[in-house]
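Chemist: coordinates for the following, if possible.
(chains A and B)
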2 protein chains.
Amino acid sequence: MVLPPVLLELGSHQLEAAETLVEVGRFLVIFVAARAMAELMVRLQLPTILGELLAGVAIGVSGVHLLVPPELLTQLSAVPVDLVAHLADVPADTVQSLYAETFPSLQQVGRLGLYALLFLTGLECDLDELLAVGWQAITVAITGVLLPFTLGTLGLTTLFHLPLLLAIFAGAAMTATSIGITASVFSELKMLRSREGQIVIGAAVLDDILGIVILAVVVSLAGGGGFTLGPVLQLVAAAVLFVTVAVLLSRFAGPVFDQLLDQLKAPGEVVVAGFVVLTLCCFIAEAMGLEAALGAFAGGLILSGSNRSEAVQDTVKPLVALFATVFFVLIGIGMDLSVLNPFDPANREGLVVAAFLLVVAVVGKLAAGWSYRSQEPTNRLLVGLGMLPRGEVGLIFLGLGSQAHLLTPPLEAAILLMVIGTTFLAPILLRLVLSGQADHANATI
Amino acid sequence: MVLPPVLLELGSHQLEAAETLVEVGRFLVIFVAARAMAELMVRLQLPTILGELLAGVAIGVSGVHLLVPPELLTQLSAVPVDLVAHLADVPADTVQSLYAETFPSLQQVGRLGLYALLFLTGLECDLDELLAVGWQAITVAITGVLLPFTLGTLGLTTLFHLPLLLAIFAGAAMTATSIGITASVFSELKMLRSREGQIVIGAAVLDDILGIVILAVVVSLAGGGGFTLGPVLQLVAAAVLFVTVAVLLSRFAGPVFDQLLDQLKAPGEVVVAGFVVLTLCCFIAEAMGLEAALGAFAGGLILSGSNRSEAVQDTVKPLVALFATVFFVLIGIGMDLSVLNPFDPANREGLVVAAFLLVVAVVGKLAAGWSYRSQEPTNRLLVGLGMLPRGEVGLIFLGLGSQAHLLTPPLEAAILLMVIGTTFLAPILLRLVLSGQADHANATI
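Modeler: Below you'll find the predicted structure:
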C-alpha cells in the first residue's frame, strides 16, 4: 500500500491495528445494518434486497455517515473514527486516511459478491423453462426490454435534454426483470406453475440475458466516452456471440465438468472448480471488451446443465449472502437523496426525471403483458405486474455506472427510486391481484 | 484508488479493463496452480496445504514470477503482463502499476481466508475431547510448546546471535501442531479412537490455543519494536483473559446463538450471523491490542457449542477453500528460496539455521511424547510423531511475520523449510509406524 507521508511517522503496530479495526469494523457495520433491514423487509413481506439497499442509504451519505465513498469527500461520522483512533492510539486523521486507502479492497470484495450473484443467477437459469413457454415468453421479454429502453432513452433526450450517453444508460437500467423477486411471490401464492407464472419466469430468464448483454455493451461503450456505430455493432456482435456460445456450452459442457469433478480428490473441489470456471469466463468476457459481469453470468449458464449444479449453488450461496450484500450496501451508501428533496426548487427537474423513469418502467413492463398472442385466456395484468420488479439487475447497472462516475447525482437518485419503486410495488400489487384471483377461483368452485 | 500520474493519461475504459483482467487473472492463476499441486499431494498421500504452499513457490519469486509481492521490487513474468497489456490496449508499465496498486485487495481477500480458516478451526474444536484425556494431553501439549520455543529461541540467540525479536518469532512458529493433518492420518489408518489418537488430538487442540495466544502476543509486541516486561505481561494477561472468556462462552453462548438464528427469517442467516460473530470477535481482539486472528479463532470456539455449529461450518468451508488458499499461495510467492542454495557460500549460515530449526521442531515434539505419565502402555513414538506437523499455524506465523516485514529472507526460508519438513515427514513416518503396529497387532491376533 502506498501510504501518505503522515502515516509513515507512526509505529507500524498502531497503523496495522488501526487498519484492521477499520476493515473489520466496516464489515461489522455492513452486516449488522443489512441484516437488520433485511429482517424488517421479510416481516413486511418485501424483498430483502430492498433492505440491503436501504441499510446502505441509512448508514451512508444520505444517512448517518457511518460508511461513505471516499471520493465524495464527505466526512465520516466522528464517533467510529474517534473510537478506532482511541483504540489503536493514532490521530483521527490517520483513521480517515486509512479508511480511504483501504476502500478499494472493500469494493473488490463487493465486486466478488456481484460476480458470485450473477454466477448463481446463471446456474439457476433453466433454459428449458424458457423453451416450454416459447414464443409467448419471448414476445413478453423482448417487448418488456424494448419499450422501457426506447421510451426512456427518447424521453430523457427529447423532454429533458440529457446527453445521449446518460439517457441510454438510464434506459438500459430499466430493461431487466428480477427473476428472484417475482419467482418468490408467485411461489409463495402457489402460482408458479400457472400459465402466467411460466410465461413470466421464462420471459424473466430471457430478459436477464438481454439486460446483461445490454449492460456489457453500454458500460463498455460508456467507458470509451462516445457512441459511434462501428464499436456499438462490434460490441453487440461480441456479446451475442459470447452468450450464444455459453447457451450452446450449457447443453453439453455439464458432463465434461462432472467428469472433471470426479477426478478431483482434494477437498473443496466443487467450489474451487466452479470458481475457476467463473473467473475464466470473466477473463474471457473482459478480454473481448465486454464486462466481467457478463462472463460471471455466462459461467453460471454453462454449468447450469451439470449434475453438480445444485452442489455448486450450495457452495456459492454463502459467498452471495456475504459479499453481494456488501455490493448492494455500497450502492446505497453512495446515494445522495438530498437531490430529491422536494422543498429545494433546484431539485424540481431531478424529481420530474425520477417520476418519469418510474412511470416508463411500470408502463413499459405492464404493456408487455398485452404483447403476446394466446389461444387460452390468461391474466395479462398478472404477467405485466410479474415483469415489474427490477431488483438486482437494475442495481447492478446503478452500481457499475456509479463506480465508473458516469451518472450525475440526480440521475443516480432517479434510477435508485425507479428500482426501489418497482421492486416495492411489484410484490404488493401481485399479492393484491393474485389473492383476488384466488378468491375468485374459490368462489367459482 | 490513488493512481500514479502515468495512469491518468489513459482512457478510463482501458484502465478498468486492465484492472479487472489483472484481478481476475490473478485469481485464476492462484486457483489453477493451487488445485493442480493439491491434487498431486493427495495422490502422494501428503497434506494438500503443502500443495498450496508449493504452488505459491512455483509461481512466485522462487519460481516463474507469475505472481510476486510488489514490495520485493522483482519483475513479474513478461508473458501475462504483455497479454493483459495487449488485451486492454494499455502499455505494459501500466499493467505493472495496476498490479502493484491492487495487490493489497488480494492480500485482504487472503486475510479474510485466514480468519475464516481460524474460525473454522475454532468451530471444530471439541473441548470435551481435550477434557476426556485430561492431564496426559495437557502435559504433552505444554511440553510440546515449551521445548521447541525455548530451545529454538535460546539456540538462535546464543548459537547464531540472532536479535531476540527474530529468535522469539522463529521459536514461536514451532509451537503449534496442525490438528487437521494429524487427525486425517490417524483417521485414515483407523487409529483416531485409540488412546494415542485421543492424546494427540486433545494435545493438538490445546496447543492450537496456546500457539494462537503466543502468536497474538508475539505479533503485537513485534510491531512495537522491542521487548520490555510490562507490555509482555499485559498482552499475555489480555490473551489469557480473552481465550478464557471464549472458552467459558463456548459452554453457554451456543443456545443464545441458536435462539437468535431461529428469529432470523431472511435467507443466508447462518453464514451472516456466523460472520457477525467472527468480525465482532476480531474487532474486540484487535481493540485489546491482540491479533484479529486470535479473535477469529475465539469466535469459532464460542460457537462450537451451538447446535448449528455444523451448519455454520458448512457455510464457512467454501470461504476457506477459496480464500485460505489465497493466503497460503501468497505466503509461497514471497519466499526467496535462492537464499538456501547450498552452492553459494554466503548462504551457509542460513542453511545451518534452517537445519537447526527443523531438528529442534522434530526433537521438541517427539520428546513431548515421553513427557506424560501413564498406567497403561502407550506408544510414545506415535504420540510424538502425531504432534510433529506444523501445517497451517506455522504458516500463519510465517505469513503474518512476513507481511509485517519482521523477518529476514534467510529466516523466512528457514521457517518455511521447518513447516514443510515437519508437515511432510509426519504423515510418512506416522504411516510407517502405524502400519507396523497394525501388522504387529494382526500378527498377535
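
Chemist: find the nearest non-adjacent residue to residue A:134, please.
Modeler: Leaving aside its sequence neighbours, residue A:134 sits nearest to residue A:202 (Cβ to Cβ, 6 or more residues apart in numbering or on different chains; 7.9 Å). Every residue, glycine included, has its C-beta placed from N, CA and C.

Chemist: ignore what I typed, I meant residue A:325.
Modeler: residue A:34 (4.9 Å).

Chemist: helices and strands around the helix or strand containing that neighbour, which ones?
Modeler: Per DSSP states H and E, residue A:34 falls inside helix A:12-43. Secondary-structure packing of helix A:12-43 (3 or more Cβ pairs under 8 Å, 6 or more residues apart in numbering or on different chains; DSSP states H and E): helix A:48-59, helix A:78-88, helix A:92-124, helix A:325-333, helix B:195-224, helix B:269-287.

Chemist: now the angle from it to helix A:325-333?
Modeler: 90 degrees (axes from the mean of the first three to the mean of the last three Cα atoms, to 10 degrees).

Chemist: list the contacts of the residue nearest to residue A:107 when sequence neighbours are not counted.
Modeler: Residue nearest to residue A:107 in three dimensions, not counting chain neighbours: residue A:330, with 6.6 Å by Cβ to Cβ, 6+ apart. With contacts defined as Cβ atoms under 8 Å, 6 or more residues apart in numbering or on different chains, the neighbours of residue A:330 are A:56, A:69, A:106, A:107, A:110, A:399.

Chemist: how many other residues sit next to the closest residue to chain B within the stretch 1-150 of chain A?
Modeler: Using Cβ to the nearest Cβ, the single residue of the stretch 1-150 of chain A nearest to chain B is residue A:13, 2.6 Å away. Residue neighbour count, defined by other Cβ atoms under 10 Å in any protein chain shown, stands at 19 for residue A:13.

Chemist: wait, it touches residue B:220, no?
Modeler: Yes: counting by Cβ atoms under 8 Å, residue A:13 does reach residue B:220; the two are 6.7 Å apart.

Chemist: please enumerate the shared neighbours of those two.
Modeler: Shared contacts of residue A:13 and residue B:220 (Cβ under 8 Å, 6+ apart): none.

Chemist: is it true that residue A:155 touches residue A:360?
Modeler: Yes: under the contact definition of Cβ under 8 Å, residue A:155 touches residue A:360, with a separation of 6.5 Å.

Chemist: more neighbours, these two?
Modeler: Set side by side, residue A:155 and residue A:360 give different neighbour counts by other Cβ under 10 Å, the larger being at residue A:360 (24 against 19).

Chemist: how is chain A divided into domains?
Modeler: Using automatic domain parsing, the domain ranges for chain A come out as A:5-107, A:111-436.

Chemist: OK, contacts around residue A:76?
Modeler: Neighbour list for residue A:76: A:65, A:66, A:67, A:68, A:96, A:99 [criterion: Cβ under 8 Å, 6+ apart].

Chemist: per-residue confidence for the residue of the stretch 1-150 of chain A closest to chain B?
Modeler: On pLDDT, residue A:13 comes in at 71.

Chemist: distance of residue A:17 relative to residue B:219?
Modeler: Residue A:17 sits at a distance of 10 Å from residue B:219 (criterion: Cβ to Cβ, to the nearest Å).

Chemist: ugh, typo on my part, it should be residue A:136
Modeler: Residue A:136 is 63 Å from residue B:219, by Cβ to Cβ.

Chemist: which one of those two has more residues nearby?
Modeler: residue B:219 (25 against 19).

Chemist: quick check: that one touching residue B:404?
Modeler: Yes: counting by Cβ under 8 Å, residue B:219 sits close enough to residue B:404 to count as a contact (6.8 Å).

Chemist: centre of the chain to stretch A:366-379, how far?
Modeler: The gap between where stretch A:366-379 is centred and where its chain is centred comes out at 28 Å by Cα atoms, centre = their mean, to the nearest Å.

Chemist: and it, which residues are buried?
Modeler: A:366, A:367, A:368, A:369, A:371, A:372, A:378, A:379 (16 or more other Cβ atoms under 10 Å in any protein chain shown).

Chemist: one more: stretch A:299-316?
Modeler: Of the residues in stretch A:299-316, those scored as buried under the neighbour-count criterion (16+ other Cβ under 10 Å) are A:299-306, A:308-309, A:312-313, A:315-316.

Chemist: what's the answer for stretch A:59-75, then?
Modeler: Applying 16+ other Cβ under 10 Å to stretch A:59-75 flags A:59, A:60, A:61, A:62, A:63, A:65, A:66, A:67, A:68, A:69, A:70 as buried.

Chemist: quick check: mean pLDDT across that stretch?
Modeler: Model confidence over stretch A:59-75, given as mean pLDDT, is 86.

Chemist: contact residues of the stretch 51-200 of chain A facing chain B?
Modeler: Residues of the stretch 51-200 of chain A lying near chain B by Cβ under 8 Å from any Cβ of the partner chain: A:51, A:87, A:101, A:102, A:104, A:105, A:108, A:109, A:112.
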